Structures are given as structure tokens and as C-alpha cells.
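Q: Predicted model follows, preceded by the sequence.
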Amino acid sequence: MHNKTAQALSAIQRLAGKAIGDFALLRPDDRVLVALSGGKDSWTLLEVLVQLQKKAPICYQLQPAIVDPGFGGFDHAALRQSVEQRYNLPLHIIATEHANVIREHLRPGSACCAFCARLRRGALYGAADTLGCNVLALGHHRDDALETLLLNQFYSGSLSAMSASLLADNGRHRVIRPLIYVPEALIQRWISSSGLVTQSCNCPQEALIDQKRQAMKTLLDQLEQDIPQVRNSLLNALANVQPRHLLDRKLWPAPSQTGDIETATGAQ
Ligand SMILES: Nc1ncnc2c1ncn2[C@@H]1O[C@H](COP(=O)(O)OP(=O)(O)OP(=O)(O)O)[C@@H](O)[C@H]1O
């Protein structure tokens with residue numbers, strides 16, 4: 001492996017290992033359904049989990065699975081072959097009719113990403129049950145979390161991003177994001193010389209995909225020119241929440257709130 005590629009992969013592994021440690025993402029005897037889209041992020045997720053498995057102090061099982069939304073043109077055979085050859089793991093393919101459901105239910109002109117993601121999540125939970133997996137691993141990375149943080153503030157009026165680990169609404173599956181500390185640029189650097197072939201779901205709206213998210217990416221890139229550490233600083237902010245200096249009345253009164261002398265820089 002080229003030196004720079006190897007460096008990128010070891011940096012990714014270090015950050016993923018830190019997230020796994022910080023949030024106890026993997027536990028003894030976990031059976032992990034690894035959600036593989038064929039895109040760069042989930043390929044990286046699978047690679048990292050396979051590599052870490054070799055030296056992890058605990059035993060866990062990996063089961064890669066891909067949801068075919070049914071838009072056509074998905075090359076199952078190539079993906080299955082890549083996963084088997086490179087990782088010696090069987091790829092579970094979840095064939096769905098999501099494309100038809102989307103065509104029937106989507107209002108003309110609206111983007112289908114969020115709807116598609118919800119359908120996909122349901123299919124992944126179903127497969128996890130069928131295959132006896134208690135954990136679902138997703139390939140979201142640091143930049144996905146930061147873009148979500150901005151989107152939620154700008155469009156939904158809420159202060160939230162993406163968690164490293166949460167219990168699914170069904171109460172049965174832990175959803176984990178081992179790449180949550182990993183910058184997208186590192187993934188790009190590694191994937192381009194990893195030898196892995198990426199492919200997409202062939203969604204007809206792919207060109208329009210999530211323009212708001214793209215705008216957040218551009219905004220962060222612009223900010224980065226003046227504040228080089230802006231992305232890491234935002235990530236640190238997510239790990240350093242100060243509820244006393246927010247306005248959520250559900251958190252009021254915070255235990256130490258009454259009678260405290262205000263010292264925060266932002267509170268005037
Ligand atoms: N068709 C699919 N089958 C299984 N898992 C999927 C599929 N599409 C997305 N996922 C999972 O959801 C995560 C986030 O999906 P999203 O559509 O935001 O993809 P992305 O950020 O482009 O990631 P990737 O590069 O892995 O496609 C992916 O990293 C992957 O773990």
C-alpha cells in the first residue's frame with residue numbers, strides 16, 4: 001500500500017478506535033450488521049471494522065448487508081465478489097421495491113433522500129432481525145455530523161447532530177457510527193487508492209441530491225479558509241455541551257443554575 005494511503009487508513013483506524021472506546025460502540029458477542037451502500041464511506045466502515053476485529057480485545061461478528069432500492073443497474077455480483085474476496089465475508093443483499101414506493105408517494109419536484117433513508121432503515125432493521133444482528137453500523141463520518149448540526153439549526157431550529165450510538169425506536173438494535181470522528185477528506189484520501197470500486201444506488205435524483213446539505217459543505221469549506229480548525233472545533237463543541245448556557249426550558253432549572261454567577265463569555 002502507498003505510504004500516504006497507509007497513513008490515511010491508520011489515522012482513520014485511530015479515530016474509529018477512539019469513538020469505539022469513548023462510546024462503547026462494540027461489546028462482547030455483538031453481531032454487527034454493516035450497512036454497505038457501495039459508496040466510499042461504508043466501504044471504509046467495513047474495512048475499519050474488519051481490521052479492528054483482528055486486534056480487538058473482544059469478540060464480535062460482522063455481517064455486511066446492502067439494500068437494493070430497486071432503481072435498476074445495481075451490480076450485485078461485483079459487490080458480492082469484492083466483499084467475499086477482500087474480506088472473506090458473505091454479502092447479504094436486501095432486494096426491495098423502494099423505487100416503486102417512492103414513485104407512488106413522492107410529490108412531484110420534491111427530493112426523495114429522506115424518504116428513501118427511512119425506508120432503507122426499516123429494511124436494515126428487518127435484515128438485522130432475520131440475521132440475528134443486535135447492532136447496525138452506519139458509515140456517517142465527522143463531516144456528515146457537522147452538516148447535520150448546521151442543517152438542524154438553520155432549518156429545524158434544533159440543536160442536534162448525529163449520535164455515535166443510540167438505541168433504535170424498536171428497542172432492539174443499537175445503531176452505531178464508528179466513523180463519527182473521521183474527516184471525510186481522510187476517507188477520500190484512502191479510498192482513491194484502496195483498490196475498491198465504488199458504486200451508487202442509481203437514484204434518478206442523484207444529481208439533485210440534497211442541495212441543502214451541499215450548501216452546508218460549501219459553507220464549512222468557506223469558513224475553513226479563515227478558521228482552519230473550524231470543523232474540529234465544531235466537533236469539539238458537540239462533545240462539550242453547556243446546557244446552562246442554552247435556552248431549553250426542559251433543562252431548566254439545571255441543578256447548579258440557581259444563584260450561580262454568570263461567567264460565560266456569551267452571556268451578557
Ligand atoms: N443502499 C444501502 N444499503 C445499505 N446501507 C446503506 C445504503 N445506503 C446508505 N447506507 C448506509 O447509510 C450510511 C449513510 O448513507 P448516505 O446515503 O448518507 O451515504 P453516504 O454519506 O454517501 O455514504 P456512502 O459513501 O457509504 O454511500 C452509509 O454510509 C451506509 O452505511
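A: Okay, I see it.
Q: So what touches the helix or strand of the chain with the lowest mean pLDDT?
A: Here the helix or strand of the chain ranked lowest by mean pLDDT, DSSP states H and E is helix 98-105, holding a mean of 80. Outside helix 98-105, the residues that touch it by C-beta atoms under 8 Å, 6 or more residues apart in numbering are 67, 69-72, 112, 115-116, 119-120, 123. For the C-beta atoms, the positions are set from N, CA and C on the backbone; glycine is no exception.
Q: Please pull up the helix or strand immediately following it.
A: helix 113-131 (DSSP states H and E).
Q: Just the angle for the least confident helix or strand of the chain relative to helix 113-131, thanks.
A: 140 degrees (axes from the mean of the first three to the mean of the last three C-alpha atoms, to 10 degrees).
Q: and stretch 148-167, how far from the chain's centre?
A: The chain centroid and the centroid of stretch 148-167 are separated by 13 Å under C-alpha atoms, centre = their mean, to the nearest Å.
Q: Over to stretch 172-191?
A: For stretch 172-191, the distance to the chain centre is 6 Å (C-alpha atoms, centre = their mean).
Q: Can you mark which positions in that stretch are buried?
A: By neighbour count with 16 or more other C-beta atoms under 10 Å, stretch 172-191 contains the buried residues 173-184, 186-187, 189-191.
Q: Between its first and last residues, how far does that stretch reach?
A: In stretch 172-191, first residue to last residue: 33 Å (C-alpha to C-alpha, to the nearest Å).
Q: With stretch 195-213 instead?
A: 28 Å.
Q: Mean confidence (pLDDT) on it, please.
A: The average pLDDT within stretch 195-213 is 75.
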